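Asks: have a look at this fold, sequence not included:
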């Protein structure tokens, strides 16, 4: 892959992130790259060349921040698939692998072709009664109780294609990717699934029914969640960020997206060692 233009997206409000961004912008320009800063933070970083995520094409996007910054960047990219180099800030940036001290060296590796691109499955989610466009999920789609106190349970029927998985009352249900199986789904009692194994991981959240257990489905399956007419308030939350309120009778459909996320790696990622370090 020939790399000429690189966009930089950084966690808003992070002075450390802004400093790393400035350093990479200057160094990338020295390497002969067309370096651009996300227009959302141009005033904080003070760089003249900007780009708009999801609108202006670039060859690579560098994300500086944590897991939330990576997910938000992917959401803003929409259906535009751009390889992403990640710079990790903090200890718990599980999805990001380049420490700030190595960022300049890895940018040179990028220019000189010393990297691989790893594809991660994502999820597409639609709500059948609405024309709203929700972002592709890197980690998970969560149907959960909503409202100031969240005291009322969500009543729902969950299907895989035409097969009923559950008819449950509880706090909700998680549908995660293999990558997302190490996040909220794992904390809720779901299994850890190897990221090389494409699948949909379905994990009920605090169900009243004892027999409602997590299941791992083929990526060919389509999960449908039917919100019962007598259900309490609920919402659909994508990667913990994008929220769409639901009403009784709504049907949420979750399935494998046709476009994966492409993450640039400079070394083999040992998922299990990283989990031991971060959890």
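Replies: Sure thing, it's come through. Keep in mind the model is a prediction, meaning the values are calculated, not measured.

Asks: just for the stretch 1-150 of the chain, where's the confidence low?
Replies: Within the stretch 1-150 of the chain, the segments meeting pLDDT under 70 span 91-93, 149-150.

Asks: at 50 instead, please
Replies: Within the stretch 1-150 of the chain, no range satisfies pLDDT under 50.

Asks: tell me where the stretch 151-279 of the chain has helices.
Replies: All helices of the stretch 151-279 of the chain, identified by DSSP state H, counting those that start in this stretch, fall at 184-187, 271-278.

Asks: worst mean pLDDT among the ones you listed?
Replies: Among the helices of the stretch 151-279 of the chain, helix 271-278 carries the lowest mean pLDDT, at a mean of 60.

Asks: ok, now how distant is the residue lying closest to residue 134 once chain neighbours are set aside from residue 224?
Replies: Nearest residue to residue 134 in three dimensions, chain neighbours excluded: residue 125, at 5.0 Å (C-beta to C-beta, 6 or more residues apart in numbering). All C-beta spots, glycine's among them, are computed from the backbone N, C-alpha and C. Residue 125 sits 11 Å away from residue 224, going by C-beta to C-beta, to the nearest Å.

Asks: list residues touching both of these two?
Replies: 252-254 (C-beta atoms under 8 Å, 6 or more residues apart in numbering).

Asks: residue 10: which of those is nearest?
Replies: Among the shared contacts of residue 125 and residue 224, residue 254 lies closest to residue 10 (C-beta to C-beta), at 30.3 Å.

Asks: mind giving me the domain ranges of this protein?
Replies: Domain assignment for the chain by automatic domain parsing gives 5-120+260-278, 123-256.

Asks: next, format those domains as JSON lines and append mean neighbour count.
Replies: Listed next are these as JSON lines, based on neighbours: other C-beta atoms under 10 Å:
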{"stretch": "domain 5-120+260-278", "mean neighbour count": "18"}
{"stretch": "domain 123-256", "mean neighbour count": "19"}
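
Asks: need the residues that contact stretch 23-33.
Replies: For stretch 23-33, the surrounding residues in contact (C-beta under 8 Å, 6+ apart) are 3-6, 8, 35, 37, 45, 47, 62, 64, 87, 103-104, 107-108, 111.

Asks: go again using 7 Å as the cut-off
Replies: For stretch 23-33, contacts defined as C-beta atoms under 7 Å, 6 or more residues apart in numbering pick out 3-6, 8, 35, 37, 47, 62, 103-104, 107-108, 111.

Asks: got the residue ranges for the strands in the stretch 101-250 of the chain?
Replies: Assigned by DSSP state E, counting those that start in this stretch, the stretch 101-250 of the chain shows strands spanning 116-120, 123-127, 140-145, 154-160, 163-170, 172-176, 200-205, 215-217, 222-227, 234-238, 242-246.

Asks: would you reformat these as JSON lines and include distance to residue 41?
Replies: JSON lines is the format used below for those (distance: least, C-beta to C-beta, whole Å):
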{"stretch": "strand 116-120", "distance to residue 41": "25"}
{"stretch": "strand 123-127", "distance to residue 41": "28"}
{"stretch": "strand 140-145", "distance to residue 41": "27"}
{"stretch": "strand 154-160", "distance to residue 41": "37"}
{"stretch": "strand 163-170", "distance to residue 41": "40"}
{"stretch": "strand 172-176", "distance to residue 41": "30"}
{"stretch": "strand 200-205", "distance to residue 41": "34"}
{"stretch": "strand 215-217", "distance to residue 41": "39"}
{"stretch": "strand 222-227", "distance to residue 41": "36"}
{"stretch": "strand 234-238", "distance to residue 41": "23"}
{"stretch": "strand 242-246", "distance to residue 41": "20"}
